[in-house]
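>>> Fold the following, please.
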Amino acid sequence: MSDKPPGPPSDAPSADKERPTRNDRGDRFRERMDPEVRKKFDAAREKALKDPELQQLRKGAEDANKKFFEAMRKKMVEIDPSLAEFGKRQSERAAEWRGYASLSDKEREQLRAARNIAKQDPAVQEAEKKRDSANTPEERKAASDAYRKAIGDAMLKADPSLAPVLEKLKPGASKPPAEKPAAPEVMGSPST
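Modelled structure (predicted):
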């Protein structure tokens, strides 16, 4: 008997294929529903998400997920300190999307639907190809910026009512204006 853990099942996506996200799987699940059932499902889900017990469970799950990924990043940097810079860049990118958590379920669904439509836009597909084939860090940054602009433009073209939702996602958009100057941050103090 081998000490090696079993590999992925034969029907699992290979490393070279893009793995579907939870949102993609959820969209496919909903697409298979009869329209009348989907309407009932969405209404029941929206109502269920307002339940205080479910809200508390969801918050607990999100907190546990956050703690897990923080511990995982820390351990990986311990194992390979060269990953620290990569982790820093990823944290900066994640900060751009923290506004996503402030969106309502309806806004998130609206955003997902527009993004799925936008992915079919030829300009987005071209920008994605350029992003994926970029070789240097400078090329990757420029191509990633161009891709974000292309998909944002295509999402607005698909659903112009998304403009205020996309504004919420811009860095600093969710922060209320300061009434007085903020105290200077102390190195190592937790940021909020």
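>>> Give the helix, strand or coil label for residue 120.
Here residue 120 is coil, with the state taken from DSSP: H, G, I helix; E, B strand; the rest coil.
>>> And the one 4 residues further on, by the same measure?
In the three-state summary, residue 124 is assigned as helix, counting by three-state DSSP.
>>> tell me which element residue 50 falls in.
Assigned by DSSP states H and E, residue 50 belongs to neither a helix nor a strand.
>>> could you check the distance from residue 82 over to residue 50?
Distance check for residue 82 against residue 50: by Cβ to Cβ, to the nearest Å, it reads 46 Å. The way it works is simple: take the backbone N, C-alpha and C, and place the C-beta from them, glycine included.
>>> Kindly report the same for residue 130.
Residue 130 sits 43 Å away from residue 50, going by Cβ to Cβ.
>>> Which residue of those two possesses the greater neighbour count?
Taking other Cβ atoms under 10 Å, residue 130 and residue 50 do not tie; residue 130 has more neighbours (17 against 9).
>>> With adjacent residues omitted, what lies nearest to the more buried one?
Distances taken as Cβ to Cβ, 6 or more residues apart in numbering put residue 143 closest to residue 130, at 4.7 Å, once the chain neighbours are dropped.
>>> ok, that neighbour - how many residues close by?
Other residues near residue 143 come to 19 when the count uses other Cβ under 10 Å.
>>> The spatially closest residue to residue 121 that is not a sequence neighbour: what's it in contact with?
Spatially, and ignoring its direct neighbours in sequence, residue 121 is nearest to residue 154 (4.0 Å; Cβ to Cβ, 6+ apart). For residue 154, the contact set (Cβ atoms under 8 Å, 6 or more residues apart in numbering) comprises 117, 118, 121, 123, 124.
>>> Which helix in the protein has the most residues?
helix 52-79 (DSSP state H).
>>> And it, what does it pack against?
Secondary-structure packing of helix 52-79 (3 or more Cβ pairs under 8 Å, 6 or more residues apart in numbering; DSSP states H and E): helix 84-96.
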